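Enquirer: Okay, predicted coordinates and the sequence, questions at the end:
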Amino acid sequence: MKVAVSCSGEKLDSLVDQRFGRTAQFIVYDLDANMFMVVDNDQNLQAAQGAGIQSARTVADSGAKAVITGNVGPKAFHTLNAAGIDIYLIKSGTVKEAIEEFKKGNLIKSTGANVDGHWI
């Protein structure tokens, strides 16, 4: 299973980005292979609107079945949910810590958006 984490850098010790739609990149971690790849999200950093929807499509195209991020807006939530991708929110930490918490079952699946649209 692959898990996408919004992040501020390209390494496992990078911080989880609290923004989903406007994160610079995602680390997509393959839990079965214990490997990861970096997926660029630059096209959405300055988007006037639709960043959450486009980022959700980027995550879906990566093959991820779960997302870990700090916050998710209503459009991104709906798009991820429609794609069958579970969303887990985390307040802080590194990508590595977030993945470990996910593996341990310590993250709770989100049931809705936790911020309004256009949150920055």
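Expert: Yep, it's here.
Enquirer: which residues sit against stretch 11-24?
Expert: The set of residues that contact stretch 11-24 without belonging to it, under C-beta atoms under 8 Å, 6 or more residues apart in numbering, is 5-9, 27, 36, 40-42, 44-45, 47, 51-56, 67-73, 76, 90, 92-96, 98-99, 119-120. Where you see a C-beta, it was placed from the backbone N, CA and C, and this is true even at glycine.
Enquirer: What's the first helix or strand after the longest helix seen in the chain?
Expert: Longest helix in the chain by number of residues (criterion: DSSP state H): helix 51-62. Beyond helix 51-62 in the direction of the C-terminus, DSSP states H and E gives the next helix or strand as strand 66-69.
Enquirer: can you give me the strands in the chain?
Expert: Ranges of strands within the chain are 2-7, 25-30, 35-40, 66-69, 86-89, based on DSSP state E.
Enquirer: Restricting to C-alpha, output the worst-scoring helix or strand of the chain on mean pLDDT in PDB.
Expert: Every helix and strand in the chain was compared by mean pLDDT, DSSP states H and E; the lowest is helix 51-62, with a mean of 92. The C-alpha atoms that make up helix 51-62 are tabulated as PDB, following Å, rounded to 0.1, in the frame of the first residue of the first chain:
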ATOM      1  CA  ALA A  51      -5.300  23.500  -5.900                       C
ATOM      2  CA  GLY A  52      -6.900  20.900  -3.600                       C
ATOM      3  CA  ILE A  53      -8.700  19.200  -6.500                       C
ATOM      4  CA  GLN A  54      -5.600  19.100  -8.600                       C
ATOM      5  CA  SER A  55      -3.400  17.900  -5.700                       C
ATOM      6  CA  ALA A  56      -5.900  15.100  -5.000                       C
ATOM      7  CA  ARG A  57      -5.600  14.100  -8.700                       C
ATOM      8  CA  THR A  58      -1.800  14.100  -8.300                       C
ATOM      9  CA  VAL A  59      -2.100  11.800  -5.300                       C
ATOM     10  CA  ALA A  60      -4.500   9.500  -7.000                       C
ATOM     11  CA  ASP A  61      -2.200   9.300 -10.100                       C
ATOM     12  CA  SER A  62       0.600   8.200  -7.700                       C
END
